[in-house]
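Chemist: generate a structure from the sequence data that follows.
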Amino acid sequence: MAVFNVHVTIENKPGISDPEGETILNDLVLKGGDSSISKIKTAKMLKFTIKEKDKKSAQAKVQKICDELRIYNPMVSKVTIDVFDAS
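Modeler: Presented below is the predicted three-dimensional model:
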């Protein structure tokens, strides 16, 4: 068994509003005078450390956990799962 770090990034699907990102852009960035930035999107990241036989198994296990526990709403959220060696 190997140890892997698994990063799960949860963000809104395209077309779904992101009020937090809009607030950061409008109230912090633009008011601060940096007009070169036109969009900010927020996301949530979960970081798992898991023992599995390979990267594919680690990814599948974390996906299953996220799905079963309803950690995200599949109707509005896009989920990206990245697996890294823990070394």
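Chemist: Three-state assignment for Ile81, please.
Modeler: Secondary structure, DSSP: H, G, I helix; E, B strand; the rest coil: Ile81 is strand.
Chemist: any idea how far it is from Ser87?
Modeler: 19 Å (C-beta to C-beta, to the nearest Å). Where you see a C-beta, it was placed from the backbone N, CA and C, and this is true even at glycine.
Chemist: so which residue of this protein lies furthest out from the middle?
Modeler: Distance from the C-alpha centroid of the chain, by C-alpha atoms, centre = their mean, peaks at Gly33 (28.4 Å).
Chemist: A strand includes it, no?
Modeler: No: the assignment for Gly33, made by three-state DSSP, is coil rather than a strand.
Chemist: send the alpha carbons of stretch 43-62 over as PDB?
Modeler: C-alpha atoms of stretch 43-62 as PDB (Å, rounded to 0.1, in the frame of the first residue of the first chain):
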ATOM      1  CA  ALA A  43     -13.600  27.200  -4.900                       C
ATOM      2  CA  LYS A  44     -13.400  24.900  -1.900                       C
ATOM      3  CA  MET A  45     -10.500  22.400  -1.500                       C
ATOM      4  CA  LEU A  46     -10.500  19.300   0.600                       C
ATOM      5  CA  LYS A  47      -7.100  17.500   1.100                       C
ATOM      6  CA  PHE A  48      -7.100  13.800   1.900                       C
ATOM      7  CA  THR A  49      -4.200  11.600   2.800                       C
ATOM      8  CA  ILE A  50      -5.000   8.000   1.900                       C
ATOM      9  CA  LYS A  51      -3.400   4.600   1.800                       C
ATOM     10  CA  GLU A  52      -4.300   2.600  -1.400                       C
ATOM     11  CA  LYS A  53      -2.600   0.300  -3.800                       C
ATOM     12  CA  ASP A  54      -2.300   2.900  -6.600                       C
ATOM     13  CA  LYS A  55      -3.400   6.400  -7.700                       C
ATOM     14  CA  LYS A  56      -6.500   5.100  -9.600                       C
ATOM     15  CA  SER A  57      -7.700   3.300  -6.500                       C
ATOM     16  CA  ALA A  58      -7.000   6.400  -4.300                       C
ATOM     17  CA  GLN A  59      -9.000   8.600  -6.700                       C
ATOM     18  CA  ALA A  60     -11.900   6.200  -6.900                       C
ATOM     19  CA  LYS A  61     -12.100   5.800  -3.100                       C
ATOM     20  CA  VAL A  62     -12.100   9.600  -2.500                       C
END
